[in-house]
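1. please work out how this folds:
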Amino acid sequence: MKIINTQKELEELIDSNNSIIINDNLDIRCDICIDAGNIKAGYINALNIDAGNIDAEDIDARNINAGNIDAGNIDAFNIDAGNIKAWDISYYAFCCVYESITCKSIIGRRENSKHFALDGPITIK
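-> Sure thing, here's the model as predicted:
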């Protein structure tokens, strides 16, 4: 497991292609915001993720803002993305995408939580 304790440690992981590629799990233990084009890791635990593409087995985040998310499981407070492909999506209050959501399940934990795809379908497989 790769553990990040400072913003500087995170920045050192971003390569010349503006990507973070970890062949293990990524645990971010400080208040930082990830700003990278691509993030690939087995499991990502973070407060805020801002990325072009995220490819992960599991994502546990307070906020996710991404172009595309491809993940096994997503557990987040808020999700804002272009596309989401995942097994299970669990969010606190709000999950929206521009294009589409494809998943096994999607559920909001707040009583009046909302999820929607602005320009495309929500497909439950």
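
2. could you pick out the longest strand of this protein?
-> Among the segments of the chain that qualify as a strand by DSSP state E, the longest is strand 33-103.

3. for that strand, packing partners?
-> strand 19-21, strand 26-28, strand 105-108, strand 114-117, strand 122-124 (3 or more Cβ pairs under 8 Å, 6 or more residues apart in numbering; DSSP states H and E). For the C-beta atoms, the positions are set from N, CA and C on the backbone; glycine is no exception.

4. average model confidence for the third one?
-> Over the span of strand 105-108, the pLDDT mean works out to 95.

5. parallel or antiparallel, which strands does that strand pair with?
-> strand 33-103 (parallel) (DSSP bridges).

6. list the contacts for I64?
-> With contact taken as Cβ atoms under 8 Å, 6 or more residues apart in numbering, I64 is in contact with 48-49, 54, 74, 76, 78-81.

7. equivalent analysis for E99, please.
-> Under the criterion of Cβ under 8 Å, 6+ apart, the neighbours of E99 are 82-83, 117-120.

8. is there a quick PyMOL command that grabs whichever of those are buried?
-> Selection of the buried residues among the contacts of E99 in PyMOL, burial being defined by 16 or more other Cβ atoms under 10 Å:
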select buried, resi 82+83+117
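
9. good, we can wrap up now.
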